[in-house]
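Q: Fold the stuff below for me.
(2 chains)
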There are 2 protein chains.
Amino acid sequence: MTVTVATIGVHVLDTHVLGIQSIPEGSEGQLVESIRISPAGTAGGTAVVLSRLGVTVRSQGAVGTDPLGDALLGALSREGVDVSGIVRTDAAQTSSSVLPVRPNGDRPAWHCIGANGVFTLDHVDRAALEGAAHLHLGGPEFLGGDAAGELLAHARGLGLSTSIDLLAPGDPGMLEWIAAALPHTDYFLPNDEQVLGFTGADDLVAGSRALLGAGAGCVATTRGKQGALVVTPDEVIEVPAFRIDVVDTTGCGDAFSAGFVLGRAQGRSLADAARLGCAAAAQVAQGVGTDAGSYDLASVEAFAASTPTW
Amino acid sequence: MTVTVATIGVHVLDTHVLGIQSIPEGSEGQLVESIRISPAGTAGGTAVVLSRLGVTVRSQGAVGTDPLGDALLGALSREGVDVSGIVRTDAAQTSSSVLPVRPNGDRPAWHCIGANGVFTLDHVDRAALEGAAHLHLGGPEFLGGDAAGELLAHARGLGLSTSIDLLAPGDPGMLEWIAAALPHTDYFLPNDEQVLGFTGADDLVAGSRALLGAGAGCVATTRGKQGALVVTPDEVIEVPAFRIDVVDTTGCGDAFSAGFVLGRAQGRSLADAARLGCAAAAQVAQGVGTDAGSYDLASVEAFAASTPTW
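A: Coordinates of the predicted model:
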């Protein structure tokens, strides 16, 4: 049976420029290996990977009326994501990042917040949540905790499970800002830096427990090569990452979210859902951009069954 | 009566990142003022401005099958350019430039040649030239002189006038490479650095005459704030640039080509056509990207009539 997931929130168009070390002098030109664009963001990137995994995805957010917005909607549509709920706004440009990737793999980013900063509850089509199994809210910090909480509670009232992931770096003030959303969140899906930064805890288990204390039902944290750590009031589950050659980690957190959310929607255990998340992240990590590679749920499961972990 | 122009050759998607001085350390992020994409290239950029000026434009070239190609075709279509003659190729990525614009206005560029490098005469739909008044070939260096000459001669045989503009920097070897195209070129539309570089001449008039000697019917050279210099076997015409605040010169040469080509297609004198070219370039120079601003032929003519020159 097809799973339907609603993704709401941050949508970004990423542009990766490969093989550069510095900016040319003056107005000089320099030939580079490759330039590519890909849809990204804690909602948009997760939507792409969910769609690849066979999920019916309706995404909601805001993009500008500019050519960047056309490009972002086009890139999401090409991936099979239903973008009819993404509104166009004249109030800001489309959110975009440009990432000049260094030969050593470092990927510094220039980012323009744009339309993600003007997205509000008024833009949300609540009817589009009906019939979905799950709501993934990417970047609740842009809505604020009260509005995010209201949306998540509404989704739960319709029978959906809920998850959130933040774009903002770990900062205790940010946690306070979104605190009202946590009691309506089944799965909080941050990365390790965010957990430690948000809570000031010395270790991830303590940090995760602090987030559970703030109301989240479960905290599943990505931690790069160390895989994922899932913490509930009753359990602490470590799931290792797969042993691969990492090309680019852009979008790996979003891919983890996609695999984890799908796994839970299919009724898998927390450990198995996190394993599917790590396997999805491994697909994205082996190429450049969130839309890297070519895979479906069957190939990701075959990968997970045959690939050693760290 | 509507003028129809065929543009063939180089199509690029430009991404401008505004307000940056350096690349962040490691994988750090940095917020920037603005990021925008625009269609560009010696064929694509000229096509955009021609369309703005009311010309029916059929553009031909090659883009990849990647999301960048979707974005470039979408951006051209949004501008009213007929892109049905642009082929999609798996042989290379879509040609793209990323320009990190410094606060002082410098605009260094990272460029990936991509599909423009695999475009050949086999990709050209010659039937699409029929009924057009003019062929503008942008970047004949990618075809080579013999192939470019064959295409230009074919267009002339159908009654079209012809023009070329090169992407390559001035280099005597490049002139040699495209020499066979010049006898079939009514208007050669280079910039000042190209003329001096191609010919090794000490001044633009001498350089232009050398290009006439190589077969071009007329050389109309852009030279930034100094406007344009038009040289034929009989005339040397200086046309001043308009007095504006320059924001970004990306695409100004292409805009000049568009205004000049339209002017000639409408039967204007060389001087008046060059003036229209300078006026079109001034629209593009006042914003970021080749698609900067909002104008049509009437507003450009009103601008030219009311704006002082340097």
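Q: Provide a list of residues in contact with A:Ala71.
A: Counting by C-beta atoms under 8 Å, 6 or more residues apart in numbering or on different chains, A:Ala71 touches A:Leu13, A:Ile37, A:Thr94, B:Ile37, B:Pro67, B:Asp70, B:Ala71, B:Gly74, B:Ala75. The way it works is simple: take the backbone N, C-alpha and C, and place the C-beta from them, glycine included.
Q: what separates the one helix or strand it maps to from the chain centre, distance-wise?
A: Applying DSSP states H and E as the criterion places A:Ala71 in helix A:67-78. The chain centre lies 18 Å from the centre of helix A:67-78; the measure is C-alpha atoms, centre = their mean, to the nearest Å.
Q: And for stretch A:192-209?
A: The answer for stretch A:192-209 is 19 Å, by C-alpha atoms, centre = their mean.
Q: State the mean pLDDT of it.
A: Averaging pLDDT along stretch A:192-209 gives 97.
Q: and it, which residues are buried?
A: A:192, A:194-199, A:201, A:204-205, A:207-209 (16 or more other C-beta atoms under 10 Å in any protein chain shown).
Q: among the residues you listed, which are in helices?
A: Counted as lying in helices by DSSP state H, out of the buried residues of stretch A:192-209, are A:Asp192, A:Gln194, A:Val195, A:Leu196, A:Gly197, A:Phe198, A:Thr199, A:Leu204, A:Val205, A:Gly207, A:Ser208, A:Arg209.
Q: what's near enough to touch the closest residue in space to A:Glu141 that isn't next to it in sequence?
A: Spatial nearest neighbour of A:Glu141, chain neighbours left out: A:Ala168 (5.0 Å); criterion: C-beta to C-beta, 6 or more residues apart in numbering or on different chains. Contacts for A:Ala168 (C-beta under 8 Å, 6+ apart) come out as A:Gly139, A:Glu141, A:Met174, A:Gln194.
Q: Now the first one. Nearest residue, chain neighbours left out?
A: Excluding the flanking residues, the one nearest A:Gly139 by C-beta to C-beta, 6+ apart is A:Val10, at 3.6 Å.
Q: what do you get for the last one?
A: Computed as C-beta to C-beta, 6+ apart, the closest residue to A:Gln194 that is not its neighbour in sequence is A:Gly170, at 4.2 Å.
Q: For chain A, which segments count as strands?
A: Using DSSP state E, the strands of chain A run over residues A:4-9, A:12-18, A:29-31, A:34-40, A:56-64, A:82-89, A:96-101, A:109-112, A:134-138, A:161-165, A:187-188, A:219-222, A:228-231, A:236-239.
Q: what's the neighbour count on the closest residue in space to A:Asp254 that isn't next to it in sequence?
A: Take A:Asp254 and drop its neighbours on the chain: the residue closest to it by C-beta to C-beta, 6+ apart is A:Gly45, 3.3 Å away. Number of residues near A:Gly45 (other C-beta atoms under 10 Å in any protein chain shown) recorded here: 32.
Q: A:Val5 too?
A: Counted with other C-beta under 10 Å, residues neighbouring A:Val5 total 26.
Q: and the gap between it and B:Gly253?
A: Distance from A:Val5 to B:Gly253, counting by C-beta to C-beta, to the nearest Å: 48 Å.
Q: now swap in A:Thr307 and tell me
A: 51 Å.
Q: Ok, A:Phe303 next?
A: 49 Å.
Q: Repeat that for A:Glu130.
A: With C-beta to C-beta as the criterion, A:Glu130 and B:Gly253 are 54 Å apart.
Q: These two: who's more crowded?
A: B:Gly253 (27 against 12).
Q: circling back to that earlier point, which ones are touching the residue nearest to A:Gly139?
A: A:Val10 touches A:Gly41, A:Thr42, A:Ala43, A:Gly44, A:Gly61, A:Ser95, A:Asn116, A:Gly138, A:Gly139, A:Phe142, A:Leu167, counting by C-beta under 8 Å, 6+ apart.
Q: Around the second one, how many other residues sit close by?
A: Per other C-beta under 10 Å, the neighbour tally for A:Thr42 reads 32.
Q: And the residue of the stretch 201-310 of chain A closest to chain B?
A: Closest residue of the stretch 201-310 of chain A to chain B, C-beta to the nearest C-beta: A:Asp291 (7.3 Å).
Q: tell me, how many neighbours does the closest residue to A:Gln21 other than its chain neighbours end up with?
A: Leaving aside its sequence neighbours, A:Gln21 sits nearest to A:Arg102 (C-beta to C-beta, 6+ apart; 6.3 Å). Look at A:Arg102: counted by other C-beta under 10 Å, it has 17 neighbours.
Q: ok, now which ones touch A:Arg102?
A: Counting by C-beta under 8 Å, 6+ apart, A:Arg102 has contacts A:Ile20, A:Gln21, A:Pro108.
Q: Which single one of those residues is nearest to chain B?
A: Checking those one by one against chain B (C-beta to the nearest C-beta), the nearest turns out to be A:Pro108, at 3.9 Å.
Q: so the closest one touches B:Glu28, yeah?
A: Yes. Assessed by C-beta atoms under 8 Å, A:Pro108 is found in contact with B:Glu28 at 5.6 Å.
Q: neighbour-wise, which of these two wins?
A: A:Pro108 (18 against 11).
Q: Tell me how far the residue nearest to A:Gly139 lies from B:Val63.
A: For A:Val10, the distance to B:Val63 - C-beta to C-beta - is 28 Å.
Q: cool, A:Gly267 as well?
A: Here the criterion is C-beta to C-beta. By it, A:Gly267 lies 44 Å from B:Val63.
Q: got any ranges where the stretch 1-150 of chain A has weak pLDDT?
A: A:1 (pLDDT under 70).
Q: Most tightly packed of the strands of chain A?
A: strand A:4-9 (a mean of 29; mean count of other C-beta atoms under 10 Å in any protein chain shown).
Q: how far is that strand from where the chain is centred?
A: 11 Å.
Q: Next, the angle from that strand to strand A:134-138.
A: Inter-element angle recorded for strand A:4-9 and strand A:134-138: 20 degrees (by axes from the mean of the first three to the mean of the last three C-alpha atoms, to 10 degrees).
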